[in-house]
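K.L.:
Fold the stuff below for me.
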Amino acid sequence: MQIFLYLCANFYGLRMKTMVYEEPTVAFVTAAAQTCLLLEHPEEHSREEMTEQLLRLLPVLYLRTRLLGEAEALMEDEPQRFVTEEDYNYILIGLRNMFGADDAYLDVFVDQGVYTDEVQTAYLSEGLADIYQELKDMAAAFQTGEEAIMHDAVVACRDAFAAHWGQKLLAVMRALHALSTNQAEEE
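P.N.:
Have a look, this model is predicted:
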């Protein structure tokens, strides 16, 4: 039914009330696209360049995601997923190869916002690939040009940020910061 209303609104030149064209959404989508573009081409950067670029982009991405307004999904179905397993593995392997021995880092396990004493090995490549998957699925939905689909993709990405990839982003930033300062000390 909601798709029907959307199609009728477009037919009569009306626009649904979505957050798609609002400034915070445009800024978020721009940051997401820049992050995806960087992660899709790790071979074009040295480890030091990639680390520096990520340390500049990820805080902006975090902030832009936090500034998204509250909105509900317009359609009943979950947004389409565009990133295939092959796409995910391409990003994962490219980043794993670039970071090499520095890919692994120790992280404190966080379960539903509660910190424990349990320390686990985490991987920059895996955290970044997980973030990439969420961002790329949302960005690909924008290529459909369908306002309701774009709106719901942003809502789903924002909800996934709250549920899991926001924590991964912060953990990755912590590890990249440590890597960056260790690189500076070695020079």
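K.L.:
low pLDDT regions in the chain?
P.N.:
Of all residues in the chain, those with pLDDT under 70 make up the ranges 1-16, 109-117, 183-187.
K.L.:
go again using 90 as the cut-off
P.N.:
Scanning the chain for pLDDT under 90 picks out 1-19, 69, 107-120, 182-187.
K.L.:
now the helices for it?
P.N.:
2-11, 23-40, 47-66, 85-99, 124-142, 147-160, 166-186 (DSSP state H).
K.L.:
Out of the ones you listed, which gets nearest to Asp107?
P.N.:
helix 166-186 (5.1 Å; Cβ to Cβ). All C-beta spots, glycine's among them, are computed from the backbone N, C-alpha and C.
K.L.:
Dump the closest one to CSV, keeping only the CA atoms.
P.N.:
Presented in CSV, the C-alpha positions along helix 166-186 are these (Å, rounded to 0.1, in the frame of the first residue of the first chain):
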residue,chain,number,x,y,z
GLY,A,166,28.9,2.1,15.5
GLN,A,167,30.8,0.1,18.1
LYS,A,168,32.9,-1.5,15.4
LEU,A,169,33.7,1.9,14.0
LEU,A,170,34.9,3.1,17.4
ALA,A,171,37.0,0.0,18.0
VAL,A,172,38.6,0.3,14.6
MET,A,173,39.4,3.9,15.2
ARG,A,174,41.0,3.0,18.5
ALA,A,175,43.2,0.4,16.8
LEU,A,176,44.0,2.7,13.9
HIS,A,177,45.0,5.4,16.3
ALA,A,178,47.4,2.9,18.0
LEU,A,179,48.8,1.8,14.7
SER,A,180,49.2,5.4,13.6
THR,A,181,51.1,6.5,16.7
ASN,A,182,53.3,3.3,16.6
GLN,A,183,54.1,4.1,12.9
ALA,A,184,55.1,7.7,13.9
GLU,A,185,57.3,6.4,16.7
GLU,A,186,59.1,4.0,14.4
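K.L.:
Tell me what angle it forms with helix 147-160.
P.N.:
70 degrees (axes from the mean of the first three to the mean of the last three Cα atoms, to 10 degrees).
K.L.:
which residues make contact with helix 166-186 from outside it?
P.N.:
For helix 166-186, contacts defined as Cβ atoms under 8 Å, 6 or more residues apart in numbering pick out 48, 51-52, 54-55, 58-59, 61-62, 65, 99, 102, 105, 107, 110, 122, 124, 127-128, 130-131, 161.
K.L.:
how about the helices of the chain in a markdown table, adding mean neighbour count and distance to Glu78?
P.N.:
As requested, the helices of the chain are exported to a markdown table (neighbours: other Cβ atoms under 10 Å; distance: least, Cβ to Cβ, whole Å):
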| stretch | mean neighbour count | distance to Glu78 |
| --- | --- | --- |
| helix 2-11 | 13 | 14 |
| helix 23-40 | 18 | 19 |
| helix 47-66 | 17 | 19 |
| helix 85-99 | 16 | 18 |
| helix 124-142 | 22 | 10 |
| helix 147-160 | 22 | 7 |
| helix 166-186 | 16 | 19 |
